[in-house]
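A.B. asks: show me the folded form of this:
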Amino acid sequence: MKKIILPMLTLFALVPAAAHAEEVRRFEHEGRIYSYTIKTVGERRVIDGVDEATGKRFSLRVGTHKVRGTVGSQQVEFSLKEVEPLKASVTVLAAR
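C.D. replies: Got it, this is the predicted structure:
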């Protein structure tokens, strides 16, 4: 699952927090399409999303140095240093 989540986190680090206000975004990675939203809670970004093919949900809390959360029912935790750039653009589906 880190192969999926790690590349997309680079996208979140590059886009200013103000642009994250409840926009539904999508990206494709290794043939799978994921949709997600980002919100700021305190000093952390919370990324909630779903694998559109399987319906498997993920929720990640991005801190200063670490990412923690769940993918499906599995707990995940990894360093932001492990994140690699995703070579795809972000598509905004809807914005409020």
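A.B. asks: low-confidence ranges in the protein?
C.D. replies: 1-22, 85-96 (pLDDT under 70).
A.B. asks: which residue ranges form the helices in it?
C.D. replies: Secondary structure of the chain (DSSP state H): helices at 2-14.
A.B. asks: need the longest strand for the chain.
C.D. replies: strand 32-41 (DSSP state E).
A.B. asks: buried sites along that one?
C.D. replies: Residues of strand 32-41 classed as buried by neighbour count (16 or more other Cβ atoms under 10 Å): 34, 36-38. (Each C-beta comes from the backbone N, C-alpha and C, glycine too.)
A.B. asks: quick check, nearest of the residues you listed to Lys56?
C.D. replies: Using Cβ to Cβ, Tyr34 is the member of these that sits closest to Lys56, with 9.5 Å.
A.B. asks: that closest one contacts Val50, correct?
C.D. replies: Yes. Using Cβ atoms under 8 Å, Tyr34 is in contact with Val50, at 7.0 Å.
A.B. asks: that older thread, can you spell out which helices and strands pack onto the longest strand of the chain?
C.D. replies: Using 3 or more Cβ pairs under 8 Å, 6 or more residues apart in numbering; DSSP states H and E as the contact test, the elements touching strand 32-41 are helix 2-14, strand 24-29, strand 44-51.
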